[in-house]
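Asks: Task: produce atomic coordinates for the following.
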Amino acid sequence: MTFTGIPGILSLLYNSRYMKIHLPNSAFLGNIDTFLRSFDGNGPENLKITANEKWISVHPVVLSLTAALGQTVDPKNISCEPLTAKSKHYFERMGLFKLLRVNSGIKVVEHESAGRFIPLTQINNSSELTWFITEMIPLLHLEPIQADPIKYIVSELVRNVFEHSQSKYGAILCAQYYAKSNSIRIGIADTGVGIKKTINESWPAKTDIEAIHLALIPGITGTTRKEGGTEQNAGAGLFFIKSIAKVSRDFFMIYSGNAMYKLLKTDPRKQIRLYPNPTKDKHSKNEDLPYWQGTVVGVDINLNRKSEFSNLLDLIRKAYSEGVKERKEVRYKEARFI
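Replies: Presented below is the predicted three-dimensional model:
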C-alpha cells in the first residue's frame, strides 16, 4: 500500500479489528511502559500506525517491534498516517518503511551511517548474522573493548531467535549510537512462540513473568532440565546481556506475552554486583501489558565504562557459577526432604 492509501483505508472499513501502534513524542527504555501499554495487538490481519504530529524520538526497540509486527501483515492491510513530525526523515533512513513494505513518500538525502546508526535489518539465518557482525557493527566505529560486548549481544539475541522462537520472519534489529551520552541503544524483536512456551519445554512457569525470570537465571534453558544447561546451550545468554547492561549502569528490558522485566539503572556511587536471581536486581516489572506474540529485547550500553568492561567476564563467571551452585543445592535439599 501507499501512505494512507485507498487500499489500506478500505481494508480497515471492511475489518474494524486491527492492530495499532502509535509512535509517540518520546519512548526510550526508561519510559517504555507507556508505549507498550498503547500497543493494541487485536485484529492480526490489519495494522494501523499513527504518530505524534510534531516530534518523534524513540528507542531502536520501538522500531524493531513495529517492523516485526509489520512483517506479519499483508502490506495492503497496513495503514499509516502521513508523518508530519520534523524528525520524520529519521524513520526513512532507519529503513522502517522498507521493512513495512510501505511507500512513505518521504524524500531523504542519504548520509553515511558510520558512527550513528545501524538501520533496521532482518536476519533469517547464520550466514546473514555473520554478515551483519562483519559488515554492520564496524559502522559504529567502536574500540575493540567497546565493540566486543555489542557483538556478543547481537549474536546471542539473534541466535536465541534461531534456536528457540520458531519465528517465520527471523530477527528484526537495529541500533543507534548517541554521541551526547556516548552510548549504544539496541532493539531486537521476533514474532515467534514467546519465552513461556520455550521455557515450559523443560521448566514449569505458570505466567509470562515467571518464564522471563527463569530465562534470565544463568544455567536455565528451555532445552534441558539439567542445571547449567548443556555444552551447546548453557542457558547464560540473557543473563550475560543483562549483566553487560548492569555493568554499564544502564537499562535492559525483555517483553514477551503480557509481561515485561526491566533492569533499572544502577547508582554510580554503588559497587556493581551481579545477581544470578534477576529479582534481586533493581528492576521493575509489568504483568498486564498487551499480549506480544514473540519476544522483544532492548538494551542500552554506556561506552564510558571501560574499566567495568575489562572486569566484566570475571564478574559474570563468578555470578554464573554461584547461581548454578545455589540452584543445585536447593534441588538436592528438596530431593532429600521428599
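
Asks: so where's the stretch 151-300 of the chain uncertain?
Replies: The stretch 151-300 of the chain contains residues with pLDDT under 70 at 221-235.

Asks: for it, what spans make up the helices?
Replies: 195-199, 208-216, 237-247 (DSSP state H, counting those that start in this stretch).

Asks: a markdown table for those helices, including mean neighbour count and distance to L142?
Replies: Backbone N, C-alpha and C define where each C-beta goes, glycine included. What follows is the helices of the stretch 151-300 of the chain, written out as a markdown table (neighbours: other Cβ atoms under 10 Å; distance: least, Cβ to Cβ, whole Å):
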| stretch | mean neighbour count | distance to L142 |
| --- | --- | --- |
| helix 195-199 | 24 | 29 |
| helix 208-216 | 23 | 26 |
| helix 237-247 | 24 | 14 |
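
Asks: Can you add distance to N302 and give these back as JSON lines?
Replies: Output for those, formatted as JSON lines (distance: least, Cβ to Cβ, whole Å):
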{"stretch": "helix 195-199", "distance to N302": "26"}
{"stretch": "helix 208-216", "distance to N302": "20"}
{"stretch": "helix 237-247", "distance to N302": "9"}
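
Asks: Out of those, which gets nearest to K88?
Replies: Nearest of the helices of the stretch 151-300 of the chain to K88, taken as Cβ to Cβ: helix 237-247 at 29.9 Å.

Asks: angle of that closest one against helix 208-216?
Replies: 90 degrees (axes from the mean of the first three to the mean of the last three Cα atoms, to 10 degrees).

Asks: And for the closest residue to L216 other than its chain neighbours, the neighbour number?
Replies: Once flanking residues are discounted, L216 sits nearest to P278: 4.1 Å by Cβ to Cβ, 6 or more residues apart in numbering. By the measure other Cβ atoms under 10 Å, the count of residues near P278 is 22.

Asks: isn't P278 right up against I220?
Replies: No: with contact defined as Cβ atoms under 8 Å, P278 does not reach I220; the gap is 10.9 Å.

Asks: quick one, strands of the stretch 51-200 of the chain?
Replies: 57-58, 78-80, 117-123, 171-178, 183-190 (DSSP state E, counting those that start in this stretch).

Asks: on that earlier part again, of the helices of the stretch 151-300 of the chain, which is nearest R101?
Replies: helix 195-199 (27.9 Å).

Asks: Quick one: list the elements packing against that closest one.
Replies: Under the contact definition 3 or more Cβ pairs under 8 Å, 6 or more residues apart in numbering; DSSP states H and E, helix 195-199 sits against helix 208-216, strand 252-257.

Asks: then the last one to CSV, C-alphas only?
Replies: Output in CSV follows, covering the C-alpha atoms of strand 252-257 (Å, rounded to 0.1, in the frame of the first residue of the first chain):
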residue,chain,number,x,y,z
PHE,A,252,17.8,-3.6,29.8
MET,A,253,14.3,-4.8,29.1
ILE,A,254,12.6,-8.0,27.9
TYR,A,255,9.0,-8.2,26.8
SER,A,256,7.1,-11.4,26.0
GLY,A,257,3.5,-12.4,26.2
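
Asks: Listing partners with orientation, what would you give for that strand?
Replies: Counting by DSSP bridges, the strands paired with strand 252-257 are strand 259-263 (antiparallel), strand 292-302 (antiparallel).

Asks: residues in contact with the spatially most central residue of the chain?
Replies: The centroid of the chain falls nearest to V297 when counting by Cα atoms, centre = their mean (1.8 Å). Taking Cβ atoms under 8 Å, 6 or more residues apart in numbering as the contact definition, V297 lies against 61, 157, 187-189, 238, 241, 252-255.

Asks: so how many other residues sit close to F132?
Replies: 19.

Asks: Just want to check the distance between it and Y18.
Replies: As judged by Cβ to Cβ, to the nearest Å, F132 and Y18 stand 32 Å apart.
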